[in-house]
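>>> pasting the sequence and the predicted coordinates here, then a few questions.
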Amino acid sequence: AQSVTQLDSQVPVFEEAPVELRCNYSSSVSVYLFWYVQYPNQGLQLLLKYLSGSTLVKGINGFEAEFNKSQTSFHLRKPSVHISDTAEYFCAVSEGGSYKLIFGSGTRLLVRP
Amino acid sequence: GAVVSQHPSWVICKSGTSVKIECRSLDFQATTMFWYRQFPKQSLMLMATSNEGSKATYEQGVEKDKFLINHASLTLSTLTVTSAHPEDSSFYICSPRRGTDTQYFGPGTRLTVL
């Protein structure tokens, strides 16, 4: 069965510092990988996704993620964060061809001035 | 981006009553609707999947008679929590899918059952 682990429930960081949000998954078949962001009182928004091809995926708002099949990871990174990046971030996986998303428990990114 | 609304955003009800949550895709037609539930500090858990005009498919462990899903049109889906109990208190999120393209998410409905 698929599962997604986000080891950090909260990541505090100072403004303009780099950040990495970790995501590991388990699956016995090929997967699609996603990162979503949720701002307060809003629905989840897609940041980026990996379906195939280049393992380095660039998304919106300066975020990027790298798919590492050997380590079954899909960590999210941003070289310099802003206060406005404060939000909840969810990693998700779906088996190739399936519409069903399996989510991690989320990581709250807290950017401090 | 696409606009998805949920109503109500927050509801408190007494144990034993039923609550209906509406999800609307305001500027696109949703061929498939997913309903998720999120308990505090936990993941979003898929409850059921429905296609317009068809009966919903429920995930294992989700009671279909308790969580009634209606996907009567391509822009409206409803989730009714029947005979709600305190353990049903949760954050319910709809997720309409446009064709085979992109999945969007509503802002969620927080249900508190007293």
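Done, it's in.
>>> drop to CA atoms for contacts and neighbour counts, all remaining ones
Will do.
>>> other SSEs contacting the worst-scoring helix or strand of chain B on mean pLDDT?
One helix or strand of chain B scores below all others by mean pLDDT, DSSP states H and E: strand B:102-103, with a mean of 80. Under the contact definition 3 or more C-alpha pairs under 8 Å, 6 or more residues apart in numbering or on different chains; DSSP states H and E, strand B:102-103 sits against strand B:90-98.
>>> in its sheet, which strands sit next to the strand it packs on, and in what direction?
Paired neighbours of strand B:90-98 in the sheet (DSSP bridges): strand B:32-38 (antiparallel), strand B:102-103 (antiparallel), strand B:109-113 (antiparallel).
>>> helix/strand/coil for the closest residue in space to residue A:11 that isn't next to it in sequence?
Computed as C-alpha to C-alpha, 6 or more residues apart in numbering or on different chains, the closest residue to residue A:11 that is not its neighbour in sequence is residue A:109, at 4.9 Å. At residue A:109 the chain is in strand, as set by DSSP: H, G, I helix; E, B strand; the rest coil.
>>> tell me the contacts of residue A:109?
A:10, A:11, A:12, A:13, A:85, A:86, A:87, A:88, A:89 (C-alpha atoms under 8 Å, 6 or more residues apart in numbering or on different chains).
>>> quick one, grab the pLDDT at the fourth one.
What the model reports as pLDDT for residue A:13 is 97.
>>> quickly find the element holding it.
Element membership for residue A:13, per DSSP states H and E: strand A:10-14.
>>> what's whatever helix or strand comes next after that strand packed up against?
Next along the chain after strand A:10-14, taking DSSP H and E as the criterion, comes strand A:19-21. Strand A:19-21 is packed against strand A:73-78, with contacts defined by 3+ C-alpha pairs under 8 Å, 6+ apart.
>>> any idea of the angle the following helix or strand past the strand it packs on forms with strand A:73-78?
Using DSSP H and E, the helix or strand that directly follows strand A:73-78 along the chain is strand A:87-95. Interaxial angle, strand A:87-95 versus strand A:73-78 (axes from the mean of the first three to the mean of the last three C-alpha atoms, to 10 degrees): 150 degrees.
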